[in-house]
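Chemist: Any chance you could fold what I've pasted below:
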Amino acid sequence: MKKAFKLPTYACVLLMSIGLLSCGKDDADDPVGSEDCAIVGCTEELVTITINVRDPDGNPIALDDFKVMDIVTGADVTVMLSPAAFLMAQQIGSYRLAQDGDLSISTTKSLRFQGFLEGKEVINEDYIVQMDCCHISLTSGDHNLTIG
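Modeler: This is a model prediction of the structure:
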């Protein structure tokens, strides 16, 4: 009778040990995007990160031109706007830095936003953006800029 008792006890201890060892680790230890994106529920919204450019009084600044550069590769990744969309951006002082779909899932990218007035560079700001399973987010840099 003693032997019959020991086998279930050992089996129980073994199963509990396996269970404890297989517990999930702290999310802080997980690298970005290590979760299985196939099981993550995403919203259908399109997230766009914009840079808002204002004067000291809070009025929108109408830049003559702007560029978004990939800092690592040096590539110009600016999305060209239609004349109507660029006019709207100028009127509200809000310029597109990046949006969902610009990056691959679980990636991070360093971008430089450059703004121009009368042919002179008036803004040169660096940003870090990150794409998780669903949406892009700004992880470094100020999206509200004041010039003038």
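Chemist: Could you tell me how many residues sit around Thr43?
Modeler: Residues lying near Thr43 (other C-beta atoms under 10 Å) number 8. Where you see a C-beta, it was placed from the backbone N, CA and C, and this is true even at glycine.
Chemist: quick one: Ile136 and Leu46 touch, right?
Modeler: No. With contacts defined as C-beta atoms under 8 Å, Ile136 does not count as touching Leu46, sitting 9.6 Å away.
Chemist: Settle it for me: which of the two has more neighbours?
Modeler: Ile136 (22 against 10).
Chemist: Is that one bridged to anything, and to what?
Modeler: Met131 (DSSP bridges).
Chemist: ok, now Ile123?
Modeler: Gly115.
Chemist: how about stretch 128-146 as CSV, C-alpha atoms only?
Modeler: This file holds the C-alpha atoms of stretch 128-146, laid out as CSV (Å, rounded to 0.1, in the frame of the first residue of the first chain):
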residue,chain,number,x,y,z
ILE,A,128,11.1,56.9,-32.8
VAL,A,129,8.0,55.1,-33.9
GLN,A,130,7.0,51.6,-33.1
MET,A,131,4.6,49.1,-34.7
ASP,A,132,3.0,46.4,-32.5
CYS,A,133,0.6,43.8,-33.8
CYS,A,134,-2.1,46.4,-34.7
HIS,A,135,-1.0,50.0,-34.6
ILE,A,136,1.9,52.4,-34.8
SER,A,137,2.8,54.6,-31.8
LEU,A,138,5.2,57.4,-31.0
THR,A,139,7.8,56.2,-28.5
SER,A,140,10.1,59.2,-28.5
GLY,A,141,9.8,62.8,-29.7
ASP,A,142,7.4,65.7,-29.2
HIS,A,143,4.6,65.9,-31.7
ASN,A,144,3.7,69.4,-30.7
LEU,A,145,6.3,71.9,-31.9
THR,A,146,6.5,75.7,-31.5
